[in-house]
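>>> Turn this into a structure:
(one chain, ligands or ions: 1)
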Amino acid sequence: MPELPEVELARRTLARVLERGRITAARSDDRLVSPGAPGSLEPLVGARAVAVERRGKQLRIALAAPSAGGASLLVFAHLGMTGEWHEAKTSAPPLRHEKVRVDVGARSLRYTDPRRLGRFVVAKEDTKAWRALGPDALADGVDAKALHAKLAKRRRTVKEALLDQKILAGIGNILAIEGLWRAKLDPRSRADRLTLADVRALAKGLRDAIAFQLRQLEKATEPKYVNMGGENPFRIYGRAGKPCPRCKHTLAKIVLGGRGTTFCPSCQRRI
Ligand SMILES: [Zn+2]
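Below you'll find the predicted structure:
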């Protein structure tokens, strides 16, 4: 499942192609688009993207209409479980599992999604889902004071609170696990008991975990999820039963809020 770093890479791919000029063609599998009428992406043709933004795992493309009197459009997109954006030549044949295609002159954006769980919404104003998201953990940064104030109101564990996208958009299961380990904080700690110093360490842990995952993805030759296949690049995610890279104690795995949670019972302090 894509997390913030994968979606950030998708944002960069979209921005790189869309900034070349006006959209010359747009086609979609209409089941993925809302409203899902046939040709639902056709209003995009002739428009020019003015901003490609990401908040958490959601993407928002703001488009200026082709004519001066035309209304601006917003396209909201998320990748579901298996969605990926690829850059290709317009003349290139369709990719396997290609569901959406947007051409800008000679360059083309191809969206593939074998499981078809990605969604596109074409709208005139922000969707409720977009407005509900908190500040983005990368684009807006992790502000320790603001995060501390929000966590102070939560009586759940810090791990569960971090997955609440209203608090900080973009923190998924892997980033929460890795960020808490980097901050030396036990995921079972009560969110409202963390001091500002604890949250400062957590903010740094999350920032470092995001930067690390982005570097891993940038090294990959094509967009792919860091948690799919190949060697496990993470410090502790997926390593339960193995020694902690910091203190060598055996890593444990528990379930918190329905999500598998790896941590080190020895060097991650429970508060
Ligand atoms: Zn440890």
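>>> what bits of the stretch 101-250 of the chain have low per-residue confidence?
For the stretch 101-250 of the chain, applying pLDDT under 70 flags the ranges 221-230.
>>> Let's see the pLDDT reported for the residue lying closest to Glu19 once chain neighbours are set aside.
Excluding the flanking residues, the one nearest Glu19 by Cβ to Cβ, 6 or more residues apart in numbering is Ala49, at 6.9 Å. Yep, even glycine has a C-beta here, placed from its N, CA and C like the rest. pLDDT for Ala49: 94.
>>> for Ala49, which residues make a bridge with it?
Taking DSSP bridges, one obtains Leu63 as the residues bridged to Ala49.
>>> Run through the strands of the stretch 51-200 of the chain in chain order.
Under the criterion DSSP state E, counting those that start in this stretch, the stretch 51-200 of the chain contains strands at 58-64, 73-78, 84-89, 98-104, 107-112, 119-123.
>>> Show the secondary-structure elements that the fourth one is packed against.
Pointing back at strand 98-104 there. Judged by 3 or more Cβ pairs under 8 Å, 6 or more residues apart in numbering; DSSP states H and E, the packing partners of strand 98-104 are helix 4-18, strand 25-28, strand 107-112.
>>> For the residue nearest to Gly172 when sequence neighbours are not counted, the count of nearby residues, please.
Once flanking residues are discounted, Gly172 sits nearest to Glu3: 3.9 Å by Cβ to Cβ, 6+ apart. Using other Cβ atoms under 10 Å, Glu3 has 21 other residues around it.
>>> Quick check: residues of the stretch 101-250 of the chain near the ion?
Neighbours of the ion within the stretch 101-250 of the chain, by Cβ under 5 Å from the ion: 244, 246-247, 249.
>>> picking up where we left off before, in TSV, list the strands of the stretch 51-200 of the chain along with distance to Arg27.
TSV is the format used below for those (distance: least, Cβ to Cβ, whole Å):
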stretch	distance to Arg27
strand 58-64	16
strand 73-78	14
strand 84-89	14
strand 98-104	5
strand 107-112	10
strand 119-123	12
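>>> can I get these in TSV with mean neighbour count?
Formatted as TSV, the strands of the stretch 51-200 of the chain follow (neighbours: other Cβ atoms under 10 Å):
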stretch	mean neighbour count
strand 58-64	21
strand 73-78	20
strand 84-89	18
strand 98-104	21
strand 107-112	20
strand 119-123	19
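>>> Return the residues in contact with the residue nearest to Met1 when sequence neighbours are not counted.
What sits nearest to Met1 in space, not counting adjacent residues and going by Cβ to Cβ, 6+ apart, is Met81, at 5.4 Å. Residues counted as contacts of Met81 (Cβ atoms under 8 Å, 6 or more residues apart in numbering) are 1-2, 115, 117.
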